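S.K.: Predicted model, plus sequence, below.
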Amino acid sequence: MTAPDVVPQGTCAPRARFETDARILSLDGEWAVRWSDSPATAPDDLADPDLDIAAWDRIPVPSSWPLHGHGAPLYANKRFPFPVEPPHVPDDNPVADHAVRFDWTPGGRTLLRLDGVDAAGTVLVNGILVGTTRGSRLVHEFDITDAVRPGSNLLVIRVAQWAPTSYLEDQDMWWLPGVFRSVAVLDRPAGGIRDVRVEADWTEGHGTLRVEVDAEDGEARSVRIRVPELGLDLAPGETATAVAEPWSAESPRLYDLEIASAVETARLRIGFRTVRIDGVRLMVNDRPLLLRGVNRHEHDPDLGRVVPREVVEHELRLMKQHNINAIRTSHYPPHPDVPALADELGFWVILECDFETHGFEYVDWHGNPTDDPAYETALRDRMARTVERDRNHPSIIMWSLGNESYAGCNIAAMADEARRRDASRPLHYEGDRSSAHVDVYSRMYAHPEEVAVIGRGEEEPLGDAALDAHRRGMPFILCEYAHAMGNGPGGLREYQELFESSDRAAGGFIWEWLEHGIRRHTADGREFSAYGGDFGEHVHDGNFVADGLVDADRRPRPGLADVAKVFAPVRLTIGESAVTVENRHDVVDLSHLRGVWSLDSARGTFDLPGIGPGESATVPLPPGAQGPGVLTVAAVLADDTNWASAGHEVAWAQRGAPVAPAASSASAVPERGGRGIHLGPARIDAVTGRLSLGGLDLAGPELVLWRAPTDNDLGAAHAAPSSGHDLDPPEAADWDAAELPRLMTRVLGVDVEPDAVVVRTRVAPAVFGWGALVALRYESDGDAIGLHVRVDPDGTWPCTWARVGLRIHLPFTPSVRWTGLGPDQAYPDTGLGQRLGAWEATLEQLRTDYVRPQESGSRAQVTELEMTDVAGSGLRITGDGFAFTANPWTAAELAAAAHPTDLPTPRDGCWLTIDFAQHGVGTGACGPGVLPPYRLEPRSVEGRVALRLLP
Ligand code: GAL
């Protein structure tokens with residue numbers, strides 16, 4: 001077989017990233033670029049030191065070239081978009097020669113640093129080949145001392161989209177070639193600081209520091225290491241102990257460290273902390289951790305793999321503001337700024353190597369590099385580069401060997417490489433279920449029932465007793481769970497309760513933080529978020545690339561509010577006259593927080609108890625906070641932090657319910673007139689049962705049992721045929737097979753009683769015998785119309801129902817005000833972050849524009865709803881806790897659209913559905929479907945509302 005060209009050539013030994021006062025020249029900016037269809041046909045002129053690049057195109061560096069009009073983005077989850085015959089790649093392999101001229105005055109050695117080149121680069125300086133890059137998200141440094149000359153220099157990087165390393169980089173994301181991270185030229189003065197290895201441990205009030213320094217030319221003799229704040233002044237390799245504050249994600253205390261040689265001073269920010277595995281518990285500084293994490297990819301809707309620094313800072317703050325305390329850098333080392341920001345803001349980080357071979361699943365893992373010794377050097381090299389660049393960051397508490405690359409000899413090799421370079425951190429890898437070479441047992445998308453079993457240490461034994469004992473003795477994490485695709489994720493609370501109730505379960509990482517949509521516009525200029533298939537790809541996985549808690553512009557999806565609530569490190573429980581406060585932080589007490597309360601328009605503050613992590617205490621409610629109505633208590637930041645201002649709400653709870661308006665009494669008497677039956681303000685058609693109110697024809701009410709399927713309803717098989725984690729059969733397919741979306745109505749009777757009109761119908765699909773019997777009983781006090789609905793299944797349905805709702809049509813586009821949960825959507829297993837109150841929204845604001853239209857926007861526990869036109873006329877609906885959705889489109893129209901911009905232009909008017917029961921949302925797009933308590937099996941459902949015309 002051909003030797004795989006998967007190891008970089010000519011690179012320097014990997015080393016740590018640190019700030020230095022030595023000369024650095026950034027080459028970021030406008031470069032020249034020249035395109036070829038294939039390495040074989042690309043011009044053979046790169047050895048020319050005077051290559052004329054004046055006529056070449058221009059491109060910014062860093063950049064992902066398909067986002068600059070060359071080629072197209074291509075999204076596939078696992079499947080390789082080329083024949084699987086490693087190490088070969090197609091001849092049709094776009095090549096971009098990137099070139100730039102730079103002025104340089106040589107000093108000491110000169111290095112060229114490339115932070116990220118996707119997929120493979122050949123690097124020449126003044127026509128001299130200096131090496132190759134292999135590992136898109138890994139830093140490569142080249143010693144260009146012999147190639148560089150005083151004055152003007154020419155750097156050319158020939159970048160190929162496909163390379164043998166593509167087989168090692170099959171992460172679930174867009175394939176986006178380019179020089180997508182920074183390029184710099186570095187002066188390395190003789191006697192300067194080549195590398196720094198910081199060991200900063202913490203035990204019982206003391207920090208222990210030892211720093212190893214490699215000098216540029218041998219021994220680091222005149223080098224001093226200082227931590228001025230602690231009065232430390234050490235030689236390399238010397239160990240010192242000082243009274244120091246520990247670093248943690250909750251209290252990210254950093255100290256400035258200075259390393260000075262005669263010719264160079266380096267600066268690092270260090271944190272003292274010790275990661276340890278104690279039996280089945282994951283500990284930092286002797287405190288067990290609960291990881292409330294997200295998986296973070298790097299993506300920008302306009303720039304692709306290039307994410308502006310301000311966007312990164314914003315998104316990390318947004319995570320902190322939503323109580324996220326951990327990040328898994330799925331599935332590659334992030335931009336070098338990220339670990340430093342994580343140190344400062346405070347996150348527990350699992351930093352992952354750039355490695356995934358998932359597509360080998362389609363060839364039965366035959367030829368998988370994970371188990372092929374020919375790839376050992378390359379995989380060791382990847383692991384080495386991963387560890388060495390970032391090893392000095394306190395935020396990183398674990399290394400991860402990669403993702404979904406199955407098992408094999410090279411997992412052991414990578415683990416060995418990581419441990420040889422850094423024995424202080426545990427190792428993570430999910431893809432080898434035996435966990436033979438790692439320190440934590442990790443899984444993805446396991447059902448809560450299985451998580452409970454593993455949490456108790458009662459999982460199915462492995463065949464090999466020694467391996468089983470090894471794995472059973474480890475902490476457990478879910479490196480991915482709660483797939484946040486489209487409407488969802490449902491069931492977050494269940495996972496959190498399991499994490500909190502087990503010593504072994506150290507928490508997990510929601511999949512995922514961010515949607516990877518790409519901004520595009522329709523021919524008539526309307527913006528939409530493009531996904532797989534929108535660029536003409538044949539092999540693609542559709543909108544499976546858009547599965548985040550925030551959209552590609554980092555705007556929160558409704559699920560993020562649920563995350564903030566579920567991850568809150570303080571639990572508040574309101575009793576009769578007191579609040580129980582539970583400190584669920586890992587490390588800190590509650591002195592950084594204060595209590596606030598509000599009851600209707602009254603508000604005040606209260607003291608939180610200064611309790612430590614894991615403790616709880618009860619504090620009396622101030623007298624003003626006692627009484628009827630909705631009481632909200634919250635724990636808010638007492639002072640500004642680097643991620644939120646004083647007053648930012650960290651945790652909250654509510655008690656009470658808005659008072660349901662009194663139902664109308666049945667005093668009006670029905671009167672027949674022609675085909676109509678008049679009852680107070682209502683007219684009911686004696687033949688069709690159709691209701692009008694005043695002059696308003698409501699085109700119903702009509703029973704609906706279906707919704708526009710969510711991504712979770714459609715399940716993994718639809719979302720991405722290759723996603724694999726299809727634990728539950730897709731709900732939407734069952735609904736469709738049972739004809740749930742297409743029901744027909746037969747009126748059984750319109751009965752006039754002394755003080756009521758009762759409309760009885762049978763609603764059922766074509767083809768089958770099953771259906772539902774509906775009784776709508778109308779009463780009136782002469783002013784409002786009371787509606788009592790009862791729905792009974794008729795026959796045996798083979799599927800769940802999506803909802804039990806009554807749909808009417810309003811002939812105007814309403815403003816909406818409601819009392820109930822808000823401001824955003826809530827379904828039976830979501831909406832934990834929504835609170836009781838009085839809310840208003842436009843019709844447009846009610847829905848969530850997911851990248852693929854689907855059911856969204858249900859407001860729950862509603863007691864009062866007003867929908868009015870511009871003149872203030874309309875409808876008021878009161879009840880004792882119904883849900884509603886309102887939309888200009890029918891569910892069928894939503895279901896048929898691939899993007900929001902494909903929906904018909906909204907007509908004036910809207911469909912209002914009042915729901916008396918709903919099916920949960922779950923996470924069936926990749927993971928468990930709707931959990932039993934939230935399933936809507938066909939059953940009898942009753943509800944009551946009152947309708948009144950406004951004004
Ligand atoms: C996992 C994988 C992720 C992503 C996710 C589904 O299997 O590790 O990269 O594909 O499923 O969105």
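M.R.: Received, thanks.
S.K.: and Gly431, how many neighbours?
M.R.: 21 (other Cβ atoms under 10 Å). Where you see a C-beta, it was placed from the backbone N, CA and C, and this is true even at glycine.
S.K.: helix, strand or coil for it?
M.R.: coil (DSSP: H, G, I helix; E, B strand; the rest coil).
S.K.: OK, contacts around it?
M.R.: Contacts for Gly431 (Cβ atoms under 8 Å, 6 or more residues apart in numbering) come out as 370, 402-407, 411.
S.K.: swap the cut-off to 6 Å and go again
M.R.: Neighbouring residues of Gly431 by Cβ atoms under 6 Å, 6 or more residues apart in numbering: 404-406.
S.K.: Check Leu379 too.
M.R.: Counted by Cβ under 6 Å, 6+ apart, Leu379 has contacts 410, 414.
S.K.: Helix or strand: which one has Val752?
M.R.: Secondary structure from DSSP states H and E places Val752 in strand 743-753.
S.K.: Which helix runs longest in the protein?
M.R.: helix 376-390 (DSSP state H).
S.K.: Just the helices from the chain, written as ranges.
M.R.: Under DSSP H, the chain gives helices at 309-321, 337-345, 376-390, 409-421, 448-455, 465-472, 492-501, 559-567, 711-719, 731-737, 843-846, 891-896.
S.K.: now the shortest one: mean pLDDT?
M.R.: To tie it back to what came earlier, the one meant is helix 843-846. The pLDDT scores in helix 843-846 average 97.
S.K.: can you check stretch 771-785 too?
M.R.: 96.
S.K.: For that stretch, C-alpha coordinates in CSV please.
M.R.: Extracted C-alpha coordinates of stretch 771-785, given in CSV (Å, rounded to 0.1, in the frame of the first residue of the first chain):
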residue,chain,number,x,y,z
GLY,A,771,-60.6,8.5,15.1
ALA,A,772,-61.7,10.8,17.9
LEU,A,773,-65.1,11.8,19.2
VAL,A,774,-65.4,15.5,20.0
ALA,A,775,-68.1,17.2,22.1
LEU,A,776,-68.1,21.0,22.2
ARG,A,777,-70.5,22.4,24.7
TYR,A,778,-71.3,26.1,24.4
GLU,A,779,-72.9,28.2,27.2
SER,A,780,-73.2,31.9,27.6
ASP,A,781,-73.9,34.6,30.2
GLY,A,782,-75.0,36.8,27.4
ASP,A,783,-71.6,38.4,27.1
ALA,A,784,-68.9,35.7,26.9
ILE,A,785,-69.1,32.2,25.4
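S.K.: Next, the distance between the ends of stretch 291-303.
M.R.: 31 Å (Cα to Cα, to the nearest Å).
S.K.: can you tell if that stretch touches the ligand?
M.R.: No - counting by Cβ under 6 Å from any ligand atom, the ligand is not contacted by stretch 291-303; separation bottoms out at 7.3 Å.
S.K.: Now that stretch: buried residues?
M.R.: Residues of stretch 291-303 classed as buried: 291-301, 303 (neighbour count, 16 or more other Cβ atoms under 10 Å).
S.K.: Okay, and which of these map to strands?
M.R.: Among the buried residues of stretch 291-303, the members falling in strands (DSSP state E) are 291-295.
S.K.: returning to what we had before: so what angle separates the directions of the longest helix of the chain and helix 337-345?
M.R.: 40 degrees (axes from the mean of the first three to the mean of the last three Cα atoms, to 10 degrees).
S.K.: that older thread, scan the contacts of Gly431 and report the most crowded one.
M.R.: Ser405 (29 neighbours).
S.K.: Identify the residue nearest the closest residue to the ligand within the stretch 801-950 of the chain in space, chain neighbours excluded?
M.R.: Here the stretch 801-950 of the chain gets closest to the ligand at one residue, Cys926, 4.5 Å apart by Cβ to the nearest ligand atom. Distances taken as Cβ to Cβ, 6 or more residues apart in numbering put His483 closest to Cys926, at 3.9 Å, once the chain neighbours are dropped.
S.K.: How about Ala895?
M.R.: Ala708 (4.2 Å).
S.K.: Need the contact partners of the biggest strand by length in the chain.
M.R.: Longest strand of the chain, by residue count under DSSP E: strand 874-887. Residues outside strand 874-887 that contact it (Cβ under 6 Å, 6+ apart) are 660-661, 814, 843, 846, 857-862, 864-868, 910-915, 945-948, 950.
S.K.: List only buried entries from those residues.
M.R.: Neighbour-count burial within the contacts of strand 874-887 applies to 661, 814, 843, 846, 857-862, 864-868, 910-915, 945-948; the criterion is 16+ other Cβ under 10 Å.
S.K.: near the ligand, which residues of the stretch 501-650 of the chain show up?
M.R.: 511, 544, 547.
S.K.: Make JSON lines from the residues you listed and add neighbour count and pLDDT to it.
M.R.: JSON lines is the format used below for those (neighbours: other Cβ atoms under 10 Å; pLDDT from 0 to 100):
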{"residue": "Trp511", "neighbour count": "29", "pLDDT": "98"}
{"residue": "Phe544", "neighbour count": "26", "pLDDT": "96"}
{"residue": "Asp547", "neighbour count": "30", "pLDDT": "97"}
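S.K.: re earlier: now the residue nearest to Ala895. Its backbone dihedrals?
M.R.: phi -60, psi 120 (degrees, to the nearest 10).
S.K.: which ones are touching it?
M.R.: Contacts for Ala708 (Cβ under 6 Å, 6+ apart) come out as 854-855, 891, 894-895.
S.K.: Could you measure from it over to the ligand?
M.R.: Ala708 sits 21 Å away from the ligand, going by Cβ to the nearest ligand atom, to the nearest Å.
S.K.: and whichever residue of the chain sits closest to the ligand, how many neighbours?
M.R.: Among all residues of the chain, Asp172 sits closest to the ligand, at 3.2 Å; criterion: Cβ to the nearest ligand atom. Neighbours of Asp172 under the rule other Cβ under 10 Å: 26.
S.K.: Grab the nearest non-local neighbour of it.
M.R.: Asn77 (4.4 Å).
S.K.: Need the pLDDT of the one you found.
M.R.: Looking at Asn77, its pLDDT stands at 95.
S.K.: how far does stretch 295-302 sit from the chain's center?
M.R.: Centre-to-centre, stretch 295-302 and its host chain are 10 Å apart (Cα atoms, centre = their mean, to the nearest Å).
S.K.: Next: stretch 111-118.
M.R.: For stretch 111-118, the distance to the chain centre is 28 Å (Cα atoms, centre = their mean).
S.K.: Let's test this: mean pLDDT of that stretch, rounded?
M.R.: With pLDDT averaged residue by residue, stretch 111-118 scores 98.
S.K.: Now do that stretch: everything it contacts.
M.R.: By Cβ under 6 Å, 6+ apart, the list of residues contacting stretch 111-118 reads 133, 136-137, 139-144, 159, 177-186, 188.
S.K.: Please save the CA atoms from that stretch in PDB.
M.R.: Taking C-alpha atoms only, stretch 111-118 is exported to PDB below (Å, rounded to 0.1, in the frame of the first residue of the first chain):
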ATOM      1  CA  LEU A 111      10.200  30.800  12.800                       C
ATOM      2  CA  LEU A 112       7.100  30.700  10.700                       C
ATOM      3  CA  ARG A 113       3.900  29.900  12.600                       C
ATOM      4  CA  LEU A 114       0.700  28.600  11.000                       C
ATOM      5  CA  ASP A 115      -2.100  28.300  13.500                       C
ATOM      6  CA  GLY A 116      -4.500  26.500  11.100                       C
ATOM      7  CA  VAL A 117      -4.400  25.300   7.500                       C
ATOM      8  CA  ASP A 118      -7.300  23.200   6.200                       C
END
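S.K.: Sounds good, over and out.
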